[in-house]
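Enquirer: 3D, please:
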Amino acid sequence: MRTELLGQEKNIVRIKLEIEASEFTKALNKTITELSQQGNYPGFRKGHAPRRIIEMRFGRDAIYNEAIEKLMSGELQQVVEDYELDLIDTPSLNVTEKIEEGKPVMCELTFEVKPEVTLPEFEGMEIEKVVTEVTDADVERLSKRIQVQLADIKETDRPIQDGDLVDLELTIRVLNPDGSEAEEQPKPDTTHEKINLADETVRVQVREALIGKSKGDEVSSVFDVEEGHADRALAGKHVSYNMKIETVSEYVLPEINEEFYKNVFGQDSDVKDDATYRERLRQDITGEVAQENKSDFLTRAVDLVASKSTVEIPDKFIERQIVSMRNEDENWAKSNGIDLNTAFGIGTEEGRKGYEVLLKTRAETAVRNVLVMDELAKKFDIHIEQADLEAEFDRRAEQLHVSKGFVAKYFYENKNQLDRLTDQLRWDKTAEALVSHMAVKEVKELSKPEQEKQGE
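Expert: The predicted structure is shown next:
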């Protein structure tokens, strides 16, 4: 079997393949023998049907193709290795000349490979890393949240105060810029909700509308929902919250003492006094914030290098990613009981075009980042070893307060989850290797240019 590179256009590689006559004859005879043994041919014992009978049933061309496929099953990997191809799809084979037994068979193999990625000069490239100082106020806020979680709840007839728990009927309406009701509504039905005013994430507009009101009152709050809001049906929309107050409750906070420490940290906790308690909270906040900052830092570093890399992304890559992202959006909308048009405001032609542009932009960014990270992983020779998996099993076991064996069993019994975990570990190791070559500037908050990049 002889091969010759015919050429490469973008990420498509074409290779000429010549199968020697003797190789083809051998594969053809083996194919005919197998078809004779496997089939049931009336008038002939199994394995003794003549070739002309087999050709009448299957057709000569089909038998030729089967013989070539048998040959290629053993030779294809060698071709891939010889030409150092990084495949992304199953190759196609085309017989370019009429097959004549006793003569070489001429074919052409077409491979779809990963496109070439040219990385920027990232050595010394500056990237900001936020280092957050945990304050006494942060510790106090966490302590208050813990108290609220362990508090008794008592209904009251007084007007609403900051920190109360409010039961209400909530009707959300999407509005037009002029304040009129928009044609499409994500949740037309009224729902019963609990709004915890002890939660710092409650919207200022909602908080201000409720404080001072009493059971039975009806109030409204109108505001713009940010683009990145978790509820995609409301993200970026001008909305109205219409709230009918049903009950008002106050939290009866527990006293902070040794019994409280045991409820928070467990019966065997070594926390016995207020100073130790607050230091423990400070450590917990510090670890959580550091992890969030690190995740954001690594993501921004990858985005920065990917944006400066040169790569011609095949349309097929983007099309596949768009399909995947659209399916995710449809599944999200379905799980929330709304249709895709309502969730993303694509009931109109303008809305549909905007959604398609957004999908394509998201898909291009995602594909570019994946290709760049693959190239970086090769450059840094990143591999996920068993030791990496074992360390991650240990970390998750400690975090979930379960045995390491339990965690390992879950992943080994769920191959898709194990693959996702391996991909994530590979991404993490690659990103860590990348930033070790960059100029890291520690800051208390991102500079304006970095904030703008993060919002892109």
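Enquirer: switch to C-alpha atoms for all contacts and neighbour counts from now on
Expert: Fine.
Enquirer: which residues of the stretch 1-150 of the chain fall in strands?
Expert: Using DSSP state E, counting those that start in this stretch, the strands of the stretch 1-150 of the chain run over 2-9, 12-19, 92-95, 105-112, 117-118, 126-130.
Enquirer: between these, which one is nearest to residue 354?
Expert: Closest approach to residue 354 among these (Cα to Cα): strand 117-118, 29.4 Å.
Enquirer: what about that closest one, distance to the chain center?
Expert: Remark: strand 117-118 is offset 23 Å from the chain centroid, using Cα atoms, centre = their mean, to the nearest Å.
Enquirer: try stretch 277-297
Expert: So, by Cα atoms, centre = their mean, the centroid of stretch 277-297 is 24 Å from its chain's centroid.
Enquirer: restrict that stretch to CA atoms and write it as PDB.
Expert: Presented in PDB, the C-alpha positions along stretch 277-297 are these (Å, rounded to 0.1, in the frame of the first residue of the first chain):
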ATOM      1  CA  TYR A 277     -15.300  31.600  65.800                       C
ATOM      2  CA  ARG A 278     -14.700  34.800  63.800                       C
ATOM      3  CA  GLU A 279     -11.200  33.700  62.700                       C
ATOM      4  CA  ARG A 280     -12.700  30.400  61.400                       C
ATOM      5  CA  LEU A 281     -15.300  32.400  59.400                       C
ATOM      6  CA  ARG A 282     -12.500  34.600  58.100                       C
ATOM      7  CA  GLN A 283     -10.600  31.600  56.900                       C
ATOM      8  CA  ASP A 284     -13.700  30.200  55.200                       C
ATOM      9  CA  ILE A 285     -14.400  33.400  53.400                       C
ATOM     10  CA  THR A 286     -10.700  33.800  52.400                       C
ATOM     11  CA  GLY A 287     -10.600  30.400  50.800                       C
ATOM     12  CA  GLU A 288     -13.900  30.800  49.000                       C
ATOM     13  CA  VAL A 289     -13.000  34.300  47.600                       C
ATOM     14  CA  ALA A 290      -9.500  33.100  46.600                       C
ATOM     15  CA  GLN A 291     -11.000  30.200  44.600                       C
ATOM     16  CA  GLU A 292     -13.500  32.600  42.900                       C
ATOM     17  CA  ASN A 293     -10.700  35.100  42.100                       C
ATOM     18  CA  LYS A 294      -8.500  32.300  40.800                       C
ATOM     19  CA  SER A 295     -11.200  30.900  38.500                       C
ATOM     20  CA  ASP A 296     -11.900  34.300  37.100                       C
ATOM     21  CA  PHE A 297      -8.200  35.000  36.700                       C
END
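Enquirer: which residues outside stretch 144-159 are in contact with it?
Expert: Stretch 144-159 has contacts (Cα atoms under 8 Å, 6 or more residues apart in numbering) with 198-199, 211-215, 247-254, 264.
Enquirer: let's have the strands of the stretch 1-150 of the chain in a markdown table, adding mean pLDDT, mean neighbour count and distance to residue 158.
Expert: Listed next are the strands of the stretch 1-150 of the chain as a markdown table, based on pLDDT from 0 to 100; neighbours: other Cα atoms under 10 Å; distance: least, Cα to Cα, whole Å:
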| stretch | mean pLDDT | mean neighbour count | distance to residue 158 |
| --- | --- | --- | --- |
| strand 2-9 | 86 | 12 | 75 |
| strand 12-19 | 90 | 19 | 73 |
| strand 92-95 | 89 | 14 | 75 |
| strand 105-112 | 90 | 20 | 70 |
| strand 117-118 | 92 | 16 | 66 |
| strand 126-130 | 94 | 18 | 44 |
